[in-house]
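Asker: okay, predicted coordinates and the sequence, questions at the end:
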Amino acid sequence: MQIDENLCNGCGQCIPKCAEGALQIVNGKARIVSEIYCDGLGACIGQCPKGAITVVEREAKEFDEKAVEKHLAEENTRTSRAQGKPQWPVKINLIPPQAPFFNQANLLIIADCAPVVCSSLQKKLLQDKRILIGCPKFEDARDYSEKLQKILKLNDVVSITVVHMEVPCCSGLKWAVDRALQASGKHIPMKRYIMSIRGELDER
């Protein structure tokens, strides 16, 4: 497999199809971790919307099934440990859909103004959650919906909390989450909070 970094946008759609764990998102691009993990069958190729993955004929290290088993076990351990570590990135448009910290996570999808307006928000809602921040006024809520749908489909998300400001444009964040959840076909518990411009938090 060969990945054209100029075409790859880091969407992560190729990763779930690689049962051997040969692919990872590194610095915003899909990369082959090691050739010994790649069986060369090309299940990842049709998943790339940009056509960044191709098959080329060249010398390569031989596929090692035992090394794959060890690698997958280590990845599972790493993912478990990652649940309690700091998260980056947090912007909806930047975050890879299959980031390891999303598995078994409680998501907090929040308007970027909200933590500034309410200084106590971190104590109230941010603890023990994975954060996704966005602003539907300056970015496309449809793009948010598509990214969130991928995140929900590719990961075992436990719960969703949505926080947005009371201004009309900010409600696009809730719309994006609703649409993504419906399209994912999953039933995930969700809470919604609306924050006033005075910093008052109201659960709906």
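Answerer: Yep, it's here.
Asker: report how many residues lie close to residue 176.
Answerer: Neighbours of residue 176 under the rule other CB atoms under 10 Å: 26. All C-beta atoms are positioned from the backbone trio N, CA, C, and that covers glycine.
Asker: now swap in residue 142 and tell me
Answerer: Count around residue 142 with other CB under 10 Å applied: 13.
Asker: got the contact list for the nearest residue to it once chain neighbours are set aside?
Answerer: Nearest residue to residue 142 in three dimensions, chain neighbours excluded: residue 176, at 7.5 Å (CB to CB, 6 or more residues apart in numbering). Shown in contact with residue 176 (CB atoms under 8 Å, 6 or more residues apart in numbering): 134, 136, 141, 142, 144, 145, 148.
Asker: filter those residues down to just the ones in strands.
Answerer: residue 134 (DSSP state E).
Asker: out of the contacts of residue 176, who's nearest residue 24?
Answerer: residue 148 (21.5 Å; CB to CB).
Asker: look up phi and psi at the nearest residue to that closest one once chain neighbours are set aside.
Answerer: Nearest in space to residue 148, with sequence neighbours left out and distances taken as CB to CB, 6+ apart, is residue 180 at 3.6 Å. Residue 180 adopts backbone torsions of phi -70, psi -40, taken as degrees, to the nearest 10.
Asker: give me every residue that touches residue 180.
Answerer: So residue 180 contacts 144, 145, 146, 147, 148, 149, 151, 152 (CB under 8 Å, 6+ apart).
Asker: most neighbours among the residues you listed, please name it.
Answerer: Counting by other CB under 10 Å, top hit in these: residue 148 with 28 neighbours.
Asker: before we move on, the earlier item: return the backbone torsion pair for the residue nearest to residue 142.
Answerer: phi -60, psi -40.
Asker: go through stretch 154-166 and flag the buried ones.
Answerer: Under the neighbour-count criterion of 16 or more other CB atoms under 10 Å, stretch 154-166 has 154, 155, 157, 160, 161, 162, 163, 164, 165 buried.
Asker: just the pLDDT for the closest residue to residue 39 other than its chain neighbours.
Answerer: Closest residue in space to residue 39, ignoring its immediate chain neighbours: residue 63 at 4.9 Å, by CB to CB, 6+ apart. pLDDT, residue 63: 90.
Asker: and if you look at residue 81?
Answerer: Reported pLDDT for residue 81: 53.
Asker: so for this structure, the centremost residue is which one?
Answerer: Closest to where the C-alpha atoms of the chain average out (CA atoms, centre = their mean) is residue 97, at 2.7 Å.
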